[in-house]
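>>> only the shape, not the letters, is given here:
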C-alpha cells in the first residue's frame, strides 16, 4: 500500500493550529455515500514470469458532500483497492478533498481534485493535469492532484487557472502483477535537472462557445510530464526499468461541432520538451440514430483517428 503526501498537504495541516476542530467542522452535517465492489480477473494461462491465472480484488470508495450555503461546498472521496496477488495494485488514494466557493462571476477551489480536459472518446491527448492511476487497469482512472484553481466567467468565455503543488509519480504493477513489462519498474524515479516531486506546475484553459454549433478550448500546461520515459538500471542481477520524468510545456486545442445529430471533434497538442518535442492530434466524428426501429433506444456510431509524431516512441499503442 502506498500513499504519497505532498509538501502542500503538510503545510496545510501545520498552518492549522486546531486541525482536529477543522476536520470535525468539515465532516459535521454533510451527506455520506459509498460503494464496495468485487473484481475477479481470470487469465487462460499463467504469466510468462510465473504469475497466477487468478486475481481477485476488492474496491471501496466513499463520498462525502457538504454545502454550507448557496456558494460554499466541500467534497471528499477516498478510494481503496486490495488485490490478492499484486501488492503494488493494493493502494489507497484521496481522489478528492476539495473546498469550493462560488461568486457572481468566479469560483475558487482548493484541495485535491481530478480535472478532465478533452473532447474525444478514445484518447484525450490534451488531458494532462492528473496522474493516471495506472494499476487500476482503467484508462480513465486518475489519482487526486493537489491544486488551487480559479475560474472566471465572462462574455468572452470561461477561463480556468490552476496551480498544482506536488507531483505524483505513477505506480506500476509489482512482481506478481499481470499486464506488466518483462522487467519490473524501479520505485525510485529520476527527474530532469531542476524538476522534482515538490515542483509547482501551472495550467490554464480558456473555453468559448464560438457559435451555437461550435465550441473551442485553448489550454496551456507547464510542469512535469505525467508520462515517464524509461531507462535501464544496468544491474544485471536485479534488472529494473527506471522511470524518468521530464519537464514539458504543452499547448492544446479542442474543437467540437454539433449539428443535426452529427458531432465533429478535434484535439491537437504541441509539446516542447527537453526529452522529445512533438505534435499529436485526434480527429473524429459521431452520428446518433434516434429511436431506432421506432423504439426507445438510440444508436451512436463513433470513428476517430489518432496521430502522434513520435510514432513507435509514443507511450500509446495507437499512435497511428
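Thanks, I have the structure now. This is a predicted model, so every value here is computed, not measured.
>>> low-confidence stretches in the stretch 1-150 of the chain?
By pLDDT under 70, the weakly predicted segments of the stretch 1-150 of the chain are 1-27.
>>> can you give me the helices in it?
Chain-ordered helices for the stretch 1-150 of the chain, with DSSP state H, counting those that start in this stretch as the definition, fall at 7-14, 19-26.
>>> now do the strands in the stretch 51-200 of the chain.
Taking DSSP state E, counting those that start in this stretch to define them, one finds strands in the stretch 51-200 of the chain at 54-67, 72-83, 91-102, 106-113, 145-154, 157-165, 184-185, 190-191, 200-209.
>>> looking at these, which is closest to residue 240?
Closest approach to residue 240 among these is made by strand 184-185 (5.5 Å; CB to CB). Yep, even glycine has a C-beta here, placed from its N, CA and C like the rest.
>>> each with direction, which strands does the closest one pair with?
As defined by DSSP bridges, the strand partners of strand 184-185 come to strand 240-245 (parallel).
>>> list the buried residues in the partner strand.
The neighbour-count check on strand 240-245 (16 or more other CB atoms under 10 Å) flags 240-243, 245 as buried.
>>> out of those residues, who's nearest residue 158?
If you rank those by distance to residue 158 using CB to CB, residue 245 comes first, at 30.4 Å.
>>> quick one: that closest one and residue 53, what's the gap?
Shown here: residue 245 relative to residue 53, a distance of 34 Å by CB to CB, to the nearest Å.
>>> measure how far the helix or strand hosting residue 219 is from the centre of its chain, please.
Here residue 219 is covered by strand 214-224, with elements defined by DSSP states H and E. Relative to the centre of its chain, strand 214-224 is centred 15 Å away, using CA atoms, centre = their mean, to the nearest Å.
>>> that strand to strand 240-245, inter-axis angle?
Following axes from the mean of the first three to the mean of the last three CA atoms, to 10 degrees, one obtains 120 degrees for the angle between strand 214-224 and strand 240-245.
>>> how many other residues sit next to residue 198?
11 (other CB atoms under 10 Å).
>>> the one 3 residues further on now?
Residue 201 has 23 neighbouring residues, counting by other CB under 10 Å.
>>> identify the bridge partners of it.
Under the criterion DSSP bridges, residue 201 forms beta bridges with residue 164.
>>> correct me, but it touches residue 164?
Yes - with contact defined as CB atoms under 8 Å, residue 201 counts as touching residue 164 (4.0 Å).
>>> which residues do those two both contact?
Any residue near both residue 201 and residue 164 by CB atoms under 8 Å, 6 or more residues apart in numbering counts here, and that gives residue 223.
>>> thinking again about what came up before, as JSON lines, the strands of the stretch 51-200 of the chain with distance to residue 236 would be great.
Rendered in JSON lines, the data for the strands of the stretch 51-200 of the chain read as follows (distance: least, CB to CB, whole Å):
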{"stretch": "strand 54-67", "distance to residue 236": "30"}
{"stretch": "strand 72-83", "distance to residue 236": "30"}
{"stretch": "strand 91-102", "distance to residue 236": "30"}
{"stretch": "strand 106-113", "distance to residue 236": "41"}
{"stretch": "strand 145-154", "distance to residue 236": "37"}
{"stretch": "strand 157-165", "distance to residue 236": "38"}
{"stretch": "strand 184-185", "distance to residue 236": "14"}
{"stretch": "strand 190-191", "distance to residue 236": "19"}
{"stretch": "strand 200-209", "distance to residue 236": "36"}
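>>> for residue 298, give its distance to residue 291.
Using CB to CB, we find residue 298 at a distance of 7 Å from residue 291.
>>> just to revisit the earlier point, and the angle from the strand holding residue 219 to strand 200-209?
When the same axes, to 10 degrees is applied, the directions of strand 214-224 and strand 200-209 differ by 180 degrees.
>>> partner strands of strand 214-224 and their direction?
When sheet partners are counted by DSSP bridges, strand 214-224 sits next to strand 200-209 (antiparallel), strand 247-259 (antiparallel).
>>> so how far is the first one from its chain's centroid?
The one in question is strand 200-209. Relative to where its chain is centred, strand 200-209 has its mean C-alpha point 15 Å off (CA atoms, centre = their mean).
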